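In: Sequence and predicted model, in that order:
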Amino acid sequence: MREFVLTPTPGSAPKIDYKGELNDEQYAVVENGDGPCLVLAGAGSGKTRTVTYRVAWLLEHGVPPDRILLLTFTNKAAREMLTRVEALLKTFPQGLWTGTFHSISNRLLRMYGDRTPFGRDFSILDEEDANDLMKLCIKERKIAVTGERFPSASVVRSVGSYAINARLSIAEVLQSRHPAIEIWQDDIVAVLSAYGTAKVQQKAMDFDDLLVKLLELLKSDDDLRQKLGNKFAYVLVDEFQDTNVIQAELVDLLSGVNRNLLVVGDDAQSIYSFRAAEIKNILDFPKHYEGAQVFRLVVNYRSTPEILAVANAVIKNNTEQFSKDLQAVVPSGDKPLMVPASDERQEAQYVMQQILQLMDEDVKLGKIAVLFRAAFHSQALEFELMRNNIPYEYRGGLKFFERAHVKDAIAHLRILRNVKDGMAWMRALQIQPGMGLATANKTANFAGVSEDAQSAIASYPALGAKAAQGWRNTVEILGAMLVAGSPAHTLRAFSASDSYKKYLEAEYPNARERIEDLEQFALFAEQYDKLGDFLDAVTLTGDFGVRLEDPEQTGRRTEQNEDKLILSTIHQAKGLEWDNVFIIHLAEGAFPHSRAYAEANGLAEERRLFYVAATRARQRLYFTYPVTTGFENIEIRQPSQFLDEIPRELIEEVRLRTSMPAWSAYSSASRVPAYRKQHNPYDDEPTIVLDASGEPTNPKQMPASFLRNIEDL
DNA sequence: AGAGTGGGCCTTTTT
DNA sequence: GGCCCACTCT
């Protein structure tokens, strides 16, 4: 039974020329996307375009915005979708349900959380809080410290998280992913259970809980499931290849009544299996949803044929996937370049020099991106960029909201909303002199018994003289915050407090900057009326990211019009595109990451990651890698095997001049096995000792772990 | 309680 | 190179 007759609403003829602005494949999806639909959209095939036009189509055909649910993976994607729908309709789609899985779940739990033990005013624990709480749980278990080492809080949590998201038992996860700590199984299970109990007690959810608790609620509460199922007439999911079983089931239930579920994705771009993304969700979609339509978008509007040829050549080495032959329509351009550099510094200098050259050709910095596998791979390059005064925007890595003083402020705000938030109390209390871990814990438990923050600060825990003063200070801060009014004013009441200012000055050499940071934070808070909304935005939209070393930008959204080079992890670059893309650190061990070899299908995932990276480029693509690495011991590393998977005729190899003759003789064609040499700090030009066959003469000095890696290869 | 020291460890990706 | 943890001393 269809609820909506999809005709343009009377009196408002469609403003959009769907047929003219979309290709036939895309138009078919937009016009014909009712019922369960799987849209297999290759990189650069206009996936976002198709989804946004589909949403615009639904809205123009009379579907109320608040009955459309559009789920994305990142906040960036959510914003982008919203902006583009708005641009199409020339009006903001007020009431549309768009956001990440986590933020939508949060929104629903704030509405219906009174049906769970967490209530509606639960706190959200970020990674650090969650780890701290886990540390307490581990400590409480009093595990014998002799002999083998118990896994750290973050390891225990990742085991638990993976088990939840992949729907496996702890035993299974330990066996398949962490065999080294299997001996601790009983303790791990116990500690995880204590962690779960503590979270309920403190009315605090971690990121996983946001999804899991909503799912549990939907499964157990027939009334709510029916209600929400009715409400959402159309459910659309972006990046479906990255959903895990929990998310897939959530989507299934939320679309369960009207069955208008349209999922978009590209199995070749599934790169989140580390958080239990289940590629089968997309591969088996047609099986799971009988009668599902399958659409394919195979025309690539982004990249030159040369770039696509390289990406296709590499991804072909993966087996389990829908076959897709991306067609290029962009005119031919340059072949991608492959550039071995002697070390990280030379690699950085090469990228730097190419960027300067591009700038000479009037290329705007914002049209250039440097992508890498792991956040720290950008270090050497950042150094070069700073030396040359090249402005850049860094995506990934440290987040503004994760900075210590910002978190201090957030902790106090969280207490105001949820007095049982033990981790917030702990953080707030430990700022005060005389309040160490033990006393803070005791006091947090005491305070958590109160009804709300107001009554908590009117009570007197039994404390020693020094700690009692600490408590009075905290009471004073919270008291001032309670009567301040808006979130922004509440925040200012915090940063204006004497005891916090004293703490900052005693603790940090740059206390003044930090105070100014907090003022920026307060400015940001001004867009919120409700404390809860502000706190949720802070915890769930971490992409308000700026780097620590960059006080200029602190607390401000990066201006769109400012021209900056983009540095980004590949994960964060997904869905984006640039004219010129550098992929750096393409060396074995770094990318693919050495750990990937140990994981089931790990290498295939790394290869997809490579595919994602390469398909970000529109015009020019550069692959660079350092031939050596290390500080004390210099090691030769091999180029990424993905580079070897590219037929030679598809790329052009650049030889850099180098002061080290032995390096210049090196190329990926003549592989040199790994070796190491004791580095003499007084000798900046390490001599390389290889025998006639290219073998190192001193293999005995190789660390055992390194030898093992070689055998694995 | 909290500063200071020494040893083991690891280098991943995000909400 | 640098982090994090456990342990020790004041």
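Out: Here it is on my side, so go on. Numbering: from 1, shown residues only, chains lettered A, B, ... in the order given.
In: so where is chain A shaky, pLDDT-wise?
Out: A:1-14, A:144-148, A:323-324, A:395-402, A:509, A:542-562, A:629-635, A:658-713 (pLDDT under 70).
In: Spell out which parts of it neighbour DNA strand B.
Out: Proximity of chain A to DNA strand B, by CB under 7 Å from any atom of the strand, involves residues A:73-76, A:100, A:102-103, A:127, A:149, A:207-208, A:271-272, A:274-275, A:373-376, A:396-397, A:430, A:433-439, A:467, A:540, A:542-543, A:569, A:571-572, A:593, A:595-596, A:599. Any C-beta I mention is one placed from the backbone N, CA and C, and that applies to glycine too.
In: Next step: the residues you listed restricted to helices.
Out: Among the residues of chain A next to DNA strand B, DSSP state H puts A:75-76, A:102-103, A:127, A:207-208, A:437-439, A:467, A:540, A:571-572 in helices.
In: What subset of these is buried?
Out: A:Asn75, A:Lys76, A:His102, A:Ser103, A:Phe207, A:Asp208, A:Thr439, A:Ala467, A:Leu540, A:His571, A:Gln572 (16 or more other CB atoms under 10 Å).
In: Tabulate these in TSV, adding columns for distance to A:Ile315.
Out: Listed next are these as TSV, based on distance: CB to CB, whole Å:
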residue	distance to A:Ile315
A:Asn75	27
A:Lys76	24
A:His102	29
A:Ser103	31
A:Phe207	30
A:Asp208	31
A:Thr439	56
A:Ala467	60
A:Leu540	32
A:His571	17
A:Gln572	20
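In: separation between the closest residue to A:Lys367 other than its chain neighbours and A:Gly42?
Out: Closest residue in space to A:Lys367, ignoring its immediate chain neighbours: A:Asp579 at 4.3 Å, by CB to CB, 6 or more residues apart in numbering. A:Asp579 sits 20 Å away from A:Gly42, going by CB to CB, to the nearest Å.
In: So which of those two has more stuff around it?
Out: The neighbour count for A:Asp579 versus A:Gly42, taken as other CB atoms under 10 Å, is higher for A:Gly42 (25 against 15).
In: Could I get the contacting residues of the more buried one?
Out: When contacts are counted by CB atoms under 8 Å, 6 or more residues apart in numbering, A:Gly42 is found next to A:Asp266, A:Ala268, A:Leu297, A:Val298, A:Asn300, A:Lys324, A:Leu326.
In: For it, grab phi and psi.
Out: Here is the backbone geometry of A:Gly42 (degrees, to the nearest 10): phi -60, psi 170.
In: could you measure the nearest residue to it once chain neighbours are set aside against A:Asp132, distance?
Out: The shortest distance from A:Gly42 to any non-neighbouring residue, by CB to CB, 6+ apart, is to A:Leu326 (4.7 Å). Separation of A:Leu326 from A:Asp132 (CB to CB): 46 Å.
In: wait, the residue nearest to A:Lys367 sits on A:Gln619?
Out: Yes: at 4.6 Å, A:Asp579 counts as touching A:Gln619 under the criterion of CB atoms under 8 Å.
In: how much space between A:Pro331 and DNA strand C?
Out: Taking CB to the nearest atom of the strand, to the nearest Å as the measure, A:Pro331 falls 46 Å from DNA strand C.
In: Just to check, that residue is in contact with A:Ile307?
Out: No: using CB under 8 Å, A:Pro331 is not in contact with A:Ile307; the gap is 12.0 Å.
In: neighbour-wise, which of those two wins?
Out: Applying other CB under 10 Å to A:Pro331 and A:Ile307 shows that A:Ile307 carries more neighbours, namely 28 against 7.
In: Tell me who's in contact with A:Pro64.
Out: Contacts of A:Pro64 by CB under 8 Å, 6+ apart are A:Gly95, A:Ala233.
In: what's around the closest residue to A:Arg67 other than its chain neighbours, how many residues?
Out: Once flanking residues are discounted, A:Arg67 sits nearest to A:Ala233: 4.2 Å by CB to CB, 6+ apart. Counted with other CB under 10 Å, residues neighbouring A:Ala233 total 20.
In: Return the distance of the helix or strand harbouring the residue nearest to A:Lys367 from the chain's centre.
Out: In this structure, A:Asp579 sits in strand A:578-583 according to DSSP states H and E. Distance of strand A:578-583 from the chain centroid (CA atoms, centre = their mean, to the nearest Å) equals 20 Å.
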